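Chemist: this one's sequence-less:
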């Protein structure tokens, strides 16, 4: 089984060691580590890892800004935020920045593995927000949008532009079946029964 190249960005050496130990027991190989946001960008550009684990409080450039810059440069790998900050506030911010998931340092560290595998499969991993949806809690439209993975959001935007499944598949270099799966997840996560509701939601939020 091929190893999955991964970079860890955290300002605490013990956290980096704990994450490295955890991941190396699975099918991951740590190709680089850093405690610095500027250096993180250079390392991702150099190694092109499949996975980036990043904290928010890091030197020179905070993790959220690093994520935004990586996504603007079209980095398409899985990004998981691992942070001690309040997940109520920072999980949605992480999703908005382009992260695939958020894991609190107060939780079991093994959740990092769960979050990575969710991201690899195209799912987002923001348990607190997603739990509120399951429990029927009232969420704003913005919070609902933030539960979508970056791939799901891209599919959503292309559908709103009037593209059919096959056209979306061609545009994103995916199979039509994969696009159909993303479409089903969109409907499920946003709690819509009809495509009309999907379009109305997009128009309402200028997506």
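Modeler: Looks like it arrived, so ask away. Since we're looking at a predicted model, the values are computed, not measured.
Chemist: so where's this protein uncertain?
Modeler: Using pLDDT under 70 as the threshold, the predicted model of the chain has low-confidence ranges 1, 128-139, 207.
Chemist: could you list the domains of this structure?
Modeler: Each structural domain of the chain that the record assigns through automatic domain parsing is listed here as a residue range: 4-130, 148-204.
Chemist: how about the strands in the protein?
Modeler: In the chain, the strands defined using DSSP state E lie at 4-9, 28-34, 51-54, 78-83, 101-104.
Chemist: what is the first one packed up against?
Modeler: Pointing back at strand 4-9 there. With contacts taken as 3 or more Cβ pairs under 8 Å, 6 or more residues apart in numbering; DSSP states H and E, strand 4-9 sits against helix 13-24, strand 28-34, helix 37-47, strand 51-54. Glycine gets a C-beta too; all of them are placed from N, C-alpha and C.
Chemist: of the ones you listed, flag the one that's most buried.
Modeler: strand 51-54 (a mean of 26; mean count of other Cβ atoms under 10 Å).
Chemist: centroid-nearest residue for the chain?
Modeler: Within the chain, one residue has its C-alpha closest to the average C-alpha position: by Cα atoms, centre = their mean, that is residue 100, at 0.8 Å.
Chemist: that residue touches residue 76, doesn't it?
Modeler: No: with contact taken as Cβ atoms under 8 Å, residue 100 and residue 76 are classed as non-touching, separated by 10.4 Å.
Chemist: packing partners of the lengthiest helix in the chain?
Modeler: The helix that spans the most residues within the chain, counting by DSSP state H, is helix 176-189. In terms of contacts (3+ Cβ pairs under 8 Å, 6+ apart), helix 176-189 is packed against helix 150-160, helix 165-172.
Chemist: wait, residue 169 touches residue 183, no?
Modeler: No: taking Cβ under 8 Å as the contact criterion, residue 169 and residue 183 are not neighbours in contact, 10.8 Å apart.
Chemist: which residues are in contact with residue 13?
Modeler: With contacts defined as Cβ atoms under 8 Å, 6 or more residues apart in numbering, residue 13 is in contact with residue 35.
Chemist: how far away is it from residue 190?
Modeler: To residue 190, residue 13 is 41 Å away according to Cβ to Cβ, to the nearest Å.
Chemist: over to residue 50?
Modeler: Using Cβ to Cβ, one obtains 28 Å as the distance from residue 50 to residue 190.
Chemist: tell me who's in contact with the nearest residue to residue 37 once chain neighbours are set aside.
Modeler: Closest residue to residue 37 in three dimensions, ignoring its sequence neighbours and counting by Cβ to Cβ, 6 or more residues apart in numbering: residue 61, at 2.9 Å. The contact partners of residue 61, taken as Cβ under 8 Å, 6+ apart, are 36, 37, 38, 40, 41, 69.
Chemist: what of residue 160?
Modeler: For residue 160, the residues meeting the contact criterion (Cβ under 8 Å, 6+ apart) are 198, 199, 202, 203, 207.
Chemist: is it correct that the first one is in contact with residue 191?
Modeler: Right, residue 198. No: under the criterion of Cβ under 8 Å, residue 198 is not in contact with residue 191, lying 10.7 Å apart.
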